[in-house]
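> Mind looking at a prediction? Sequence and model below.
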Amino acid sequence: FEITYQGQTKETSNWLKGVTLRQVSGISGNETLNFRDMVNAVAGYLMSQHFNDQAPDYPKFNVMIHPQSRPQAVSDALRMIAGGRTKQATALLDALSLLDGDRISAANSIYAKRVLQNFRNRGSGQVVNRGELIVWDHGVEYFDVGGARLEPDFLVVVLAALVYAGEITLTVVGKKFDATMLDELAASSLNELMNFKHIEQPKEWNQPGLIGIFTLLNMPTGYAALVMQNKPDPVKELQTVLIKTVDRIVRLQSNLRTGINFLGVDLLATCGYTSGHMELTKAKGFLEYLQNFDTPAKLRNFKTEYDELMAHAPALAMLNVLEKLWEFYREDGPIAAYLPLAEVNLPAEHPWIAKERELRRLITEKLSGADSADAIAKTMPGISQELRNLKRKYIAIYMKMHQDARLSVNDETKRDRLLNDPRSKILQELTAIEIMPRQKLADFQNKLSAMRPCTGLSETTLESAPQCPCCSYSPRQDGVHGSASELLKSMDEQLDTLLSNWVKMILSNMEDPITLANLNLLKPDDQAAVKEFMEKGEICFPVNQRLIPALREIMNGLQKITITLANIESVLQLNGPAKPDELKQRFSEYVDSLVKGKDQNKIRIVLE
């Protein structure tokens, strides 16, 4: 086919002397061209000189941008400046020299530099109107007609990059875009942006505000000067600190939702921070607002004054204090929860309880005077040590009480032997005789049965819970009665004494004439068993099977009246103090009331 150019018509091969179509099009050895691509390649080759003469600085693209795809390419580029990324947007920004690696940068763009040249020799606050940037040529609008010959939509991309860099603000009808409004800029209609009103340079840096930001966050204040030199590293570090600080506040507020109760002490109230969460919330909101200023360009538009910034300093100082309190609570809270449980386990008058309450007072006193994180950090180790000492003392006290209250394996064997002792069996059989003080034997047996063995407790076990998991021994509820082992030894002697007293009681009652008269009514074998008992003055095991039934038959003819010491005490105290004769009379009248209407010869008063 033939191509006509500048009045000459030639075949394609004649126009491409010295070069090949493959070289002109830039395709590789294994690629082919369709007709449209071939026409584009030849036309580009033939018209390149004229185009270079007319627009020597026009951008060079590494992808084909058609009229149909051009608006989308521009929109993608604006979104990439605001934070997105596409292949077409990257190609456009690269052609306009607005990329430094993967980073948006207008520093090396001749188009951006030519825009900024319009501010030269202009005073502060002066604007550059759209008509000063874009002119008409043969009915078409261009920027920099004799050089870049850039269309308005491509110029908008350059202006957006300058807004990103903080070099300008862009004003359209009803809006002014700065570096903090890139998302809004990218979302605006392309037609609205191309018909912008003017551009202007941002106001001077808010140096006191920048210094305030770094002062508030305990960062080097020299970073403010670096930001004003458009250095990105201090801003990156600032953003890292902001994210960490906001995260600290969020985690702390979550932790403190239910307060910090420590040994019954409200640690927040003690340190004067009961109403501090609102100030922390305000500080968190401000720090989140600062996260929007993530480039030097955006910080150039930062307007907050130094004093307004530093109003949040007390809240951030409070953050440090509360974190120290929470750290203390997290480490020593388990002990603080342990000690009240230990307290209710010990007898109310135990000296250990007074020490625990003194520690509570000490915590309140020391924390009330701690007005900084450093002060709390110095105070906490001493309190922690006191807590651990108190817990160790409790464990030692409880271990001793448990050891005293519970039987060892050997003691358990002794207890079982006493429960099945022949003396216990004799006494049990004697309870069939009505005048016997049965309650004394029942008390002895109950006391013996209540003595429990437990060998499963250790100090390690008490580290996690203040009570024996095997027997749930509670000194306050179960009482403290001395050594169970020693008590067991004494109960062996008590059994002897109980049997001896009961034998003496029976022998004493056998001396009564009525009882002796009843003896003669027994069968000969029964009489012999009773007489043998009376002669020996003791009951030996094994017991003569006839003895106890015979004693019961003889003695149950007697009538038992039971009184207690409480009864006697009540009678003697009746009507208050008394003369000796009055006291005798009270007791005599009480005894008479007990036996009134009864055969006094058959009555036996038993004190239980």
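Now that the structure is in, tell me what you want to look at. Values in this document were obtained by computation on a predicted structure and should not be read as measured data. Numbers count the residues shown, from 1 in each chain.

> can you pull out the helices in the stretch 351-500 of the chain?
351-368, 373-405, 409-419, 422-430, 438-450, 459-464, 475-478, 484-510 (DSSP state H, counting those that start in this stretch).

> Quick one: closest of those helices to residue 545.
For those, the distance to residue 545 is smallest for helix 422-430, at 10.0 Å, taking CB to CB. Every C-beta, even on glycine, is put in place using the N, C-alpha and C of the backbone.

> Could you name the helices and strands sitting against that closest one?
Under the contact criterion of 3 or more CB pairs under 8 Å, 6 or more residues apart in numbering; DSSP states H and E, helix 422-430 touches helix 438-450, helix 484-510, helix 547-555.

> Contacts for it, please.
The contact list for helix 422-430, computed with CB atoms under 8 Å, 6 or more residues apart in numbering, reads 418, 436, 441, 445, 495-496, 498-499, 502, 506, 539, 541-543, 548, 551.

> got it, and stretch 301-318?
By CB under 8 Å, 6+ apart, the list of residues contacting stretch 301-318 reads 166, 169, 178-180, 202, 206, 208-213, 215-217, 245, 273, 276, 279-280, 282-283, 286-287, 293, 372-373.

> May I see the PyMOL selection of the buried members of those residues?
Applying 16 or more other CB atoms under 10 Å to these, the buried members can be selected in PyMOL as follows:
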select buried, resi 166+169+178+179+180+206+209+210+211+212+213+215+216+217+245+273+276+279+280+283+286+287+293+373
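
> Take the contacts of stretch 301-318 and keep only those in strands.
Counting by DSSP state E, the part of the contacts of stretch 301-318 found in strands is residue 169.

> per-residue confidence for the residue lying closest to residue 205 once chain neighbours are set aside?
Leaving aside its sequence neighbours, residue 205 sits nearest to residue 228 (CB to CB, 6 or more residues apart in numbering; 4.8 Å). Residue 228 carries a pLDDT value of 88.

> Could you do the one 10 residues further on as well?
Residue 238 is assigned a pLDDT of 95 by the prediction.

> following the strand or helix carrying it, which helix or strand shows up next?
In this assignment (DSSP states H and E), residue 238 forms part of helix 233-255. Using DSSP H and E, the helix or strand that directly follows helix 233-255 along the chain is strand 261-262.

> Mind listing residues that contact that next one?
Under CB under 8 Å, 6+ apart, the answer for strand 261-262 is 267, 328, 329, 332, 333, 336, 363.

> Of these, which belong to helices?
267, 328, 329, 332, 333, 336, 363 (DSSP state H).

> Between these, which sits nearest residue 534?
Distances from residue 534 to the ones in helices among the contacts of strand 261-262, taken by CB to CB, are shortest for residue 336, at 70.2 Å.

> Residue 283 versus that closest one, what's the distance?
According to CB to CB, to the nearest Å, residue 336 stands 29 Å off from residue 283.

> before we move on, what about residue 320?
For residue 320 relative to residue 283 (CB to CB), the value is 12 Å.

> before we move on, the earlier item: could you identify which of the helices and strands packed on helix 422-430 is most buried?
helix 547-555 (a mean of 21; mean count of other CB atoms under 10 Å).

> Against which helices or strands is that helix packed?
Counting by 3+ CB pairs under 8 Å, 6+ apart, helix 547-555 packs on helix 422-430, helix 484-510, helix 513-519, helix 524-536.

> could I get it in PDB with only the CA atoms?
Presented in PDB, the C-alpha positions along helix 547-555 are these (Å, rounded to 0.1, in the frame of the first residue of the first chain):
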ATOM      1  CA  LEU A 547     -23.100 -59.300 133.000                       C
ATOM      2  CA  ILE A 548     -24.400 -56.300 131.100                       C
ATOM      3  CA  PRO A 549     -28.000 -57.700 130.600                       C
ATOM      4  CA  ALA A 550     -28.000 -58.500 134.300                       C
ATOM      5  CA  LEU A 551     -26.900 -55.000 135.300                       C
ATOM      6  CA  ARG A 552     -29.500 -53.500 133.000                       C
ATOM      7  CA  GLU A 553     -32.200 -55.600 134.600                       C
ATOM      8  CA  ILE A 554     -31.100 -54.600 138.100                       C
ATOM      9  CA  MET A 555     -30.500 -50.900 137.500                       C
END
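
> Report the rounded mean pLDDT for it.
The model assigns helix 547-555 a mean pLDDT of 83.

> in this protein, which ranges drop under the pLDDT threshold?
124, 272-277, 369-371, 521, 557-559, 601-602 (pLDDT under 70).

> ok but residue 604 is inside a strand, no?
Yes: per DSSP: H, G, I helix; E, B strand; the rest coil, residue 604 lies within a strand segment.

> count of neighbours near it?
17 (other CB atoms under 10 Å).

> quick one: it and residue 560 touch, right?
Yes: the criterion here is CB atoms under 8 Å, and residue 604 meets it with residue 560 at 5.4 Å.

> any residues in contact with both of those two?
With CB under 8 Å, 6+ apart as the test, residue 604 and residue 560 both reach residue 435.

> Help me confirm that residue 467 comes into contact with residue 476.
No: counting by CB under 8 Å, residue 467 does not reach residue 476; the two are 10.7 Å apart.

> Find the residues that touch each one of these two.
residue 345.

> For stretch 516-535, report the contacting residues that lie outside it.
By CB under 8 Å, 6+ apart, stretch 516-535 touches 507, 510, 539, 544, 546-547, 549-551, 553-555, 557.

> Kindly recompute the last result at 6 Å.
Here stretch 516-535 makes contact (CB atoms under 6 Å, 6 or more residues apart in numbering) with 510, 544, 546, 547, 550, 554, 557.

> Among the residues you listed, which one lies nearest to residue 186?
residue 547 (114.2 Å).

> Now do the buried residues in stretch 43-55.
45, 55.

> Oops, could you answer that again for stretch 236-253 instead?
238, 241, 242, 245, 246, 248, 249, 252.

> which residues touch the last one?
Yep, that's residue 252 we're talking about. Contacts of residue 252 (CB under 6 Å, 6+ apart): residue 322.

> if we go to 7 Å?
Residue 252 makes contact with 319, 322, 323, 326, according to CB atoms under 7 Å, 6 or more residues apart in numbering.

> now residue 461
Neighbours of residue 461 in contact, by CB under 7 Å, 6+ apart: residue 469.

> try it again with 10 Å
If you count contacts by CB atoms under 10 Å, 6 or more residues apart in numbering, residue 461 has them with 395, 399, 467, 468, 469, 470.

> Neighbour-wise, give me the winner out of the residues you listed.
Neighbour-wise, the contacts of residue 461 (other CB under 10 Å) top out at residue 468, 21 neighbours.

> Return the distance of that one relative to residue 413.
21 Å.

> do you know how far the residue nearest to residue 270 when sequence neighbours are not counted is from residue 317?
Closest residue to residue 270 apart from its sequence neighbours, by CB to CB, 6+ apart: residue 367 at 4.5 Å. Distance, residue 367 to residue 317, by CB to CB: 16 Å.

> who has more neighbours, those two?
residue 367 (25 against 13).

> My guess is that one contacts residue 329. True?
No: counting by CB atoms under 10 Å, residue 367 sits too far from residue 329 to count as a contact (11.5 Å).

> which residues do the two both contact?
With CB under 10 Å, 6+ apart as the test, residue 367 and residue 329 both reach 262, 267.

> Please name the bridge partners of the residue nearest to residue 363 when sequence neighbours are not counted.
Take residue 363 and drop its neighbours on the chain: the residue closest to it by CB to CB, 6+ apart is residue 265, 5.3 Å away. Legend: beta-bridge partners of residue 265 under DSSP bridges are residue 262.
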